[in-house]
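Undergrad: What would the 3D arrangement of this be:
(chains A and B)
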Number of protein chains: 2
Amino acid sequence: MQMSNAGLQDRDTEIVAVVGAGAWGTALARMLAMSGTPTTLVTHTEAQATALNTLRENQRYLPGFRLPETLDISHEIEQSVPSATVIFIVVPSTNMRSVSGSLQSHLRKDAIVVSCAKGFENISLMRMTEVVADAALVPTDRLCALSGPNLAREIAADLPASTVVASQSSEAAMRVQRALSSSSFRVYSSLDVIGVEYGGALKNVVALGAGAVDGMGGGQNAKAALMTRGLAEMIRLGVAAGAHPMTFGGLSGLGDLIATCESPLSRNRTFGERLGRGIVVKDAAGDSPHVVEGIAATRAAVELANRFDVEMPIARAIYDVLEGTSDVRDAVIRLMARETRAETDMDVSD
Amino acid sequence: MQMSNAGLQDRDTEIVAVVGAGAWGTALARMLAMSGTPTTLVTHTEAQATALNTLRENQRYLPGFRLPETLDISHEIEQSVPSATVIFIVVPSTNMRSVSGSLQSHLRKDAIVVSCAKGFENISLMRMTEVVADAALVPTDRLCALSGPNLAREIAADLPASTVVASQSSEAAMRVQRALSSSSFRVYSSLDVIGVEYGGALKNVVALGAGAVDGMGGGQNAKAALMTRGLAEMIRLGVAAGAHPMTFGGLSGLGDLIATCESPLSRNRTFGERLGRGIVVKDAAGDSPHVVEGIAATRAAVELANRFDVEMPIARAIYDVLEGTSDVRDAVIRLMARETRAETDMDVSD
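TA: Numbering: from 1, shown residues only, chains lettered A, B, ... in the order given. Prediction:
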């Protein structure tokens, strides 16, 4: 049933393109198609489109979940994107600029573009929606960031989950909220785009550290302490960049941090766990097809900490391990030894 | 080596009594004795003292960890408490008043008393240090609360951990900090006694809910969302009671919440998990000898929410399950359905 509300489009009227067929892109597109929204999953290569179309399953990134017949699969941007009213870009952060650039000339004038990437651009240290704005020429009132505790395999299994869509435009956020919401997927909205994007990117840094504690057999006490101090670092950096501190206590900060640090499914936590077990950095990714966003995010976090003059001892310790200038065990021990300050600025000594 | 600092006692000069030989009391006393502090572990019964003295192990509550010969074990308060400069009371919250009352006439005038209990007193809804002050007649400048992510078995295994000692007196907090600190146990201090005590008590409420999600196979996305919204409830209630919101983002709030909700060792999480698997409340404790503090804490949280007029939908949902007025699955579904508000007060709709 179509509503005649001028400002808002009913979810039935949205036509969606999900660009990027990794685990999360596939799960998102599948969920949208199953809820009745006309959806195209746009793959990177023709071979991938053919494989998904033939098998009706993404065996590489989301094995075990059948893709509904109603989900269109194509690698041709020029065919799927021009009709889309909402485009989700679900690619690794390193590919965001090139993918956004390739979309630019095909976007409808009124299309909403949603970044689902969690990271910063290398060197420029731009947030993902900043990269989209720059490369796809999308104005901020049609830009959104989607972030939250959303392990793709759980979403595909229809387990309950929640997420946050952030935009400077409440109308844009509400349209994405309507398109995605279901009885098992709760979508919250936020105006704090910086906070939501910083939370999603920086939690992967802490997840590397939490994984390392797991790999060393450090226990839940130590891991909980690291996550707690890690969240404090995330808040310090985010606030310096213009985010609202409360955002980090929400789903896109704390919620995603917990899900990522605790799930055996998380590629970032798993990479950290392998480091903690003594596996060297170049081998720690193993043969996983997934991108470990936390590696680039750690480098970005340290550079942003320098730019904003913010203390981030945990990010720096992980950086040293990734750069090979510190042994993972030494790094954790130094972190424990360093952390002798009062817990908050209200506190006593020492 | 004794320091001549007038205001501070060196840790070598402290004489410690740990009252209560459950898992945490035993682990604390063992850690103190092993670090060279003269320590007596005070048991509830003579039979328990005899068993611990004979076996040099607490087989019931902390099996597998040898008690050092330097640890004195006694059930006689009148022999161990009068010489103690620091007394840790490590008993279930329901026993705090009676135990504090029994100590009252035996305490040194300058002794520091540290509550290690996490809960509220039934009916009065008093915090544990308030109960100690009332029943043991200890002034607030010699009262402390100890709380943090401190799973006893991990501490006994000498895995790294951290904790918070809170007191209105910075001198008292620092003496406890010195007595407990070691290379593997970091002790932070705080002046926010209310925040530290509310955090420690209320995290057990959320842990029941997180355990229930585990038991239902609800996944990490849902569990992370519940913990995130649960922490928000803890902050709302704590702030209404006079706590500082930042305290809940620290070790005694978030840190303890994470460790409790994620550890298979937590009795509160495990109790919730059994509820989630469909086991009825009266059977969910199983044959565990440990007290499930979260049950009484849930009742207290709901009563405090009424008193302070604070919204606590998660605590109320858990309360309904514990009271038998709601099925655990219905409660979680209602919680998901209810949570349709904006994420923070900055947010858009709906």
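
Undergrad: can you tell if stretch A:267-285 touches chain B?
TA: No. Residues of stretch A:267-285 contacting chain B under CB under 8 Å from any CB of the partner chain: none, with a closest distance of 10.5 Å. The C-beta positions use only the backbone N, C-alpha and C, and glycine is treated the same way.

Undergrad: Which residue is the nearest non-sequential neighbour of A:Met216?
TA: Closest residue in space to A:Met216, ignoring its immediate chain neighbours: A:Gly276 at 4.3 Å, by CB to CB, 6 or more residues apart in numbering or on different chains.

Undergrad: List the residues that contact the one you found.
TA: Residues near A:Gly276 by CB atoms under 8 Å, 6 or more residues apart in numbering or on different chains: A:211-216, A:218, A:328.

Undergrad: hmm, which two among these are most spread apart?
TA: The distance between the two most remote of those (CB to CB) is 11.6 Å, for A:Asp214 and A:Val328.

Undergrad: ok, the two, which is more surrounded?
TA: More crowded of A:Asp214 and A:Val328, by other CB atoms under 10 Å in any protein chain shown: A:Val328, with 27 against 23.

Undergrad: residue contacts, the more buried one?
TA: By CB under 8 Å, 6+ apart, the neighbours of A:Val328 are A:212, A:215-216, A:275-276, A:278, A:321.

Undergrad: And it, how close does it get to A:Ser162?
TA: Distance of A:Val328 to A:Ser162, given as CB to CB, to the nearest Å: 33 Å.

Undergrad: what does A:Leu55 give?
TA: Applying CB to CB, the value for A:Leu55 to A:Ser162 is 31 Å.

Undergrad: Which residue of these two possesses the greater neighbour count?
TA: For A:Leu55 versus A:Ser162, neighbours defined as other CB under 10 Å are more numerous around A:Ser162 (26 against 12).

Undergrad: Mind telling me what element the closest residue to the more buried one other than its chain neighbours is part of?
TA: Nearest residue to A:Ser162 in three dimensions, chain neighbours excluded: A:Arg186, at 3.9 Å (CB to CB, 6+ apart). In this assignment (DSSP states H and E), A:Arg186 forms part of strand A:185-190.

Undergrad: where does A:Asp345 land on pLDDT?
TA: At A:Asp345, the model reports a pLDDT of 42.

Undergrad: residues contacting A:Ile155?
TA: A:27-28, A:31, A:161, A:185, B:221.

Undergrad: quick one, strands of the stretch 1-150 of chain A?
TA: Along the stretch 1-150 of chain A, counting by DSSP state E, counting those that start in this stretch, strands occupy A:16-19, A:39-42, A:57-58, A:62-66, A:71-74, A:86-89, A:112-115, A:143-147.

Undergrad: Tell me the helices and strands packed up against the second one.
TA: The reference is to strand A:39-42. In terms of contacts (3 or more CB pairs under 8 Å, 6 or more residues apart in numbering or on different chains; DSSP states H and E), strand A:39-42 is packed against strand A:16-19, helix A:23-34, strand A:71-74, helix A:77-80.

Undergrad: Distance from the chain centre to it, please.
TA: Put simply, strand A:39-42 sits 19 Å off its chain's centre (CA atoms, centre = their mean, to the nearest Å).

Undergrad: Could you do the fourth one as well?
TA: Here the centre of mass of C-alpha atoms in strand A:62-66, compared against the chain's by CA atoms, centre = their mean, lies 21 Å away.

Undergrad: Tell me which residues are up against it.
TA: Strand A:62-66 is contacted by residues A:23, A:26-27, A:30, A:56-58, A:152-153, A:156-157 when judged by CB under 8 Å, 6+ apart.

Undergrad: Can you flag the buried ones in the contacts of A:Gly276?
TA: Among the contacts of A:Gly276, those classed as buried by neighbour count (16 or more other CB atoms under 10 Å in any protein chain shown) are A:211-216, A:218, A:328.

Undergrad: Tabulate the residues you listed (JSON lines), appending pLDDT.
TA: JSON lines is the format used below for the buried ones among the contacts of A:Gly276 (pLDDT from 0 to 100):
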{"residue": "A:Gly211", "pLDDT": "96"}
{"residue": "A:Ala212", "pLDDT": "95"}
{"residue": "A:Val213", "pLDDT": "95"}
{"residue": "A:Asp214", "pLDDT": "95"}
{"residue": "A:Gly215", "pLDDT": "95"}
{"residue": "A:Met216", "pLDDT": "94"}
{"residue": "A:Gly218", "pLDDT": "93"}
{"residue": "A:Val328", "pLDDT": "89"}
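
Undergrad: Thanks a lot, see you next time.
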